[in-house]
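Novice: need a structure here:
(2 chains)
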Protein chains: 2
Amino acid sequence: MKREAVLLAAAQVFNERGYHLTTLDAIAEKLNVTKPTVYYYLSNKEAILCECFRTGCGVLVDAADEIEESELTGIDKLAAFMRKYAEAMTTDFVMNVVRLDLYGLEPEMQDEIGELKSAVDRRFRTYIEEGIANGTIAECDPKMTAFAIAGALNWIGRWYQPDGPLQPTEIADLIVERLVEGLRSQ
Amino acid sequence: MKREAVLLAAAQVFNERGYHLTTLDAIAEKLNVTKPTVYYYLSNKEAILCECFRTGCGVLVDAADEIEESELTGIDKLAAFMRKYAEAMTTDFVMNVVRLDLYGLEPEMQDEIGELKSAVDRRFRTYIEEGIANGTIAECDPKMTAFAIAGALNWIGRWYQPDGPLQPTEIADLIVERLVEGLRSQ
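Specialist: The predicted model follows:
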């Protein structure tokens, strides 16, 4: 049993039953293990939820860090990040995390998770601002543009079907192309 | 007490507590009325949830019907629908409906609600196909483009804050401009 398997099962059960109705027993049952096995990784539901977001957002931040180390600049950097983000959205784990809702959580947890999500959103905004500054991206409102991009990409996690006609890379290419075309400075 | 008030309260409580934990009592409590008052409008939780989607999607379909009667064509029709859709997304009711999740519902209900949502999505796809056909929209994959647009617009319901710096019409204009720019045939 790996930590990743516990987090994936937890994210799935949170979505299936709703976070508030989920018990550690239900997560253990999903994994066909006993509750102590789940406890071995994380001792309570709150910690598991936070860890789901930490790991899910971590995947996206890692992708951004990798792009930072590349030679890409301006709009190409944004497009590369969008592509990685779109592909992540078709993976079981990230798809389940992006569907999780934060309603009814303790304010401290909402803040903690909100901060993790903001760190990802800030990357979009930074790339857009950089692109405008170096002339590869047309003048636009970076905040609204970042929201539009994040929405279009996060939505993939809502409609993606693994047995659909397009591969994740094809979906990523088509969606990213659509979004990037309107940003190119003419 | 109006029917609309019951549906709005219901959508809010479904989001706050999760659908499966919501009782008619909780909806009545939110409205400061007795349960029979809620019963007067709709007799069970399933019916209320379906009615929330019927009314919410109805707002969007009505907006599309209105545009159908206008003189607009091609990309202008798409942009007009997107603008109406974006503005609807900042209203209390539609915002709460778009946040509702369908996990764990009976298959019949999922199908019924899925059909209501598809009717809205089809409008996007139709406008895109029309625009490609009449040369106002660049060649693109209508399905993926419709998903990208719907995602960007639905996401507004997740981040919109009524006390934020921009008015709903300003948000709609900025987001729609971003999305439409990339679709214009050059």
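
Novice: which parts of chain A sit against chain B?
Specialist: A:15-21, A:99, A:101, A:103-104, A:138, A:140-141, A:144-145, A:147-156, A:158-159, A:166, A:171, A:174-175, A:177-183 (Cβ under 8 Å from any Cβ of the partner chain). Glycine gets a C-beta too; all of them are placed from N, C-alpha and C.

Novice: Now do the buried residues in stretch A:176-185.
Specialist: Neighbour-count burial for stretch A:176-185, counted by 16 or more other Cβ atoms under 10 Å in any protein chain shown, picks out A:176, A:177, A:178, A:179, A:180, A:182, A:183.

Novice: picking that back up, can you tell me which of the residues of chain A next to chain B are buried?
Specialist: A:15, A:17-19, A:99, A:101, A:103, A:138, A:140-141, A:144-145, A:147-156, A:158, A:166, A:171, A:174-175, A:177-180, A:182-183.

Novice: mind checking which helix or strand the nearest residue to residue A:86 once chain neighbours are set aside is in?
Specialist: Among residues not flanking residue A:86 along the chain, residue A:172 sits closest, at 3.7 Å (Cβ to Cβ, 6 or more residues apart in numbering or on different chains). Secondary structure assignment for residue A:172, by DSSP states H and E: helix A:168-181.

Novice: just residue A:151 next, same as before
Specialist: helix A:142-159.

Novice: list the helices and strands that helix packs on?
Specialist: Helices and strands touching helix A:142-159, by 3 or more Cβ pairs under 8 Å, 6 or more residues apart in numbering or on different chains; DSSP states H and E, are helix A:74-88, helix A:92-98, helix A:107-133, helix A:168-181, helix B:142-159, helix B:168-181.

Novice: how about a markdown table for those, with mean pLDDT added?
Specialist: Shown next, in a markdown table, are the helices and strands packed on helix A:142-159 (pLDDT from 0 to 100):
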| stretch | mean pLDDT |
| --- | --- |
| helix A:74-88 | 96 |
| helix A:92-98 | 95 |
| helix A:107-133 | 94 |
| helix A:168-181 | 94 |
| helix B:142-159 | 95 |
| helix B:168-181 | 94 |
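
Novice: now the helix holding residue A:172 and helix B:142-159, what's the angle there?
Specialist: Computed by axes from the mean of the first three to the mean of the last three Cα atoms, to 10 degrees, the angle separating helix A:168-181 from helix B:142-159 equals 70 degrees.

Novice: Helix A:168-181 to helix A:74-88, inter-axis angle?
Specialist: Inter-element angle recorded for helix A:168-181 and helix A:74-88: 140 degrees (by the same axes, to 10 degrees).

Novice: what does the helix or strand hosting residue A:13 contact?
Specialist: Using DSSP H and E, residue A:13 maps to helix A:3-17. Residues from elsewhere that reach helix A:3-17 (Cβ atoms under 8 Å, 6 or more residues apart in numbering or on different chains): A:22, A:26-27, A:30-31, A:38, A:41-42, A:48-49, A:51-52, A:55-56, A:92-93, A:96-97, A:99-100, B:20, B:101, B:103-104.

Novice: buried subset of the residues you listed?
Specialist: A:22, A:26-27, A:30-31, A:38, A:41-42, A:48-49, A:51-52, A:55-56, A:93, A:96-97, A:99-100, B:101, B:103.

Novice: when you check the contacts of helix A:3-17 against the helices, which ones overlap?
Specialist: Among the contacts of helix A:3-17, the residues falling in helices (DSSP state H) are A:26-27, A:30-31, A:38, A:41, A:48-49, A:51-52, A:55-56, A:92-93, A:96-97.
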